[in-house]
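Asker: this is the structure alone, sequence omitted:
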């Protein structure tokens, strides 16, 4: 941990995280079938208002038992929180939610379905990119509770 805290090259840190995701016993989003990926990526949350049904789907993905097992959900929550932190500095790093999602999507999704063609694989990664960008936007826009805490229970800075 000390070595990482002293590393100033964000590309090295991002590469290590992506490699760690690749060597996990199970792909973080590998449990998602094609219909779940389609349902979570059918509407982009990047441009503002979203339907209550898609917001409920993301609440279920990140906080419920509807899509992935508890272990993968914990990793997904941690990564989403990390991605939100990166996006919050978009004016400095030029990494919006879509750019961050594009970096991490291939590392988080390996379909357990039968082998697919390269074109189908690219389409799945594009859908997972939208899904991750949506997850980041969902967390960023999450209404805080009365105690000023975010989705993860962390205290929000006072304005």
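Answerer: That came through fine. Note that the structure is predicted; figures quoted are calculated from it, not measured. Residues are numbered from 1 along each chain as shown.

Asker: for this protein, which spans come out with low pLDDT?
Answerer: Scanning the chain with the threshold set as pLDDT under 70 gives 1-5, 47-50, 110-116, 142-159.

Asker: do a quick rundown of the helices in it.
Answerer: Taking DSSP state H as the test, the helices found in the chain are 2-5, 10-23, 34-41, 52-63, 70-87, 90-93, 97-108, 118-141.

Asker: show me how far the third one is from its chain's centre.
Answerer: Here helix 34-41 is found 14 Å from its chain centre; the criterion is CA atoms, centre = their mean, to the nearest Å.

Asker: ok, back up a step: hey, which of the helices of the chain is tucked in deepest?
Answerer: Of all these, helix 97-108 carries the top mean neighbour count, a mean of 21, counting by mean count of other CB atoms under 10 Å. Every C-beta, even on glycine, is put in place using the N, C-alpha and C of the backbone.

Asker: mind giving me the packing neighbours of that helix?
Answerer: helix 10-23, helix 70-87, helix 118-141 (3 or more CB pairs under 8 Å, 6 or more residues apart in numbering; DSSP states H and E).

Asker: got the contact list for that helix?
Answerer: Helix 97-108 is contacted from outside by 14, 17-19, 21-22, 27-29, 46, 76, 79, 83, 86-87, 125, 128-133, 135-137, 140, using CB atoms under 8 Å, 6 or more residues apart in numbering.

Asker: pull the contacting residues for the spatially closest residue to residue 36 that is not a sequence neighbour.
Answerer: The shortest distance from residue 36 to any non-neighbouring residue, by CB to CB, 6 or more residues apart in numbering, is to residue 67 (5.8 Å). Contacts for residue 67 (CB under 8 Å, 6+ apart) come out as 31-32, 36, 40, 60-61, 73.

Asker: between those residues, which is nearest residue 96?
Answerer: residue 40 (18.7 Å; CB to CB).

Asker: tell me the contacts of the nearest residue to that closest one once chain neighbours are set aside?
Answerer: Nearest non-adjacent residue to residue 40, counting by CB to CB, 6+ apart: residue 131, 4.5 Å away. Neighbouring residues of residue 131 by CB under 8 Å, 6+ apart: 29, 37, 40-41, 101, 105.
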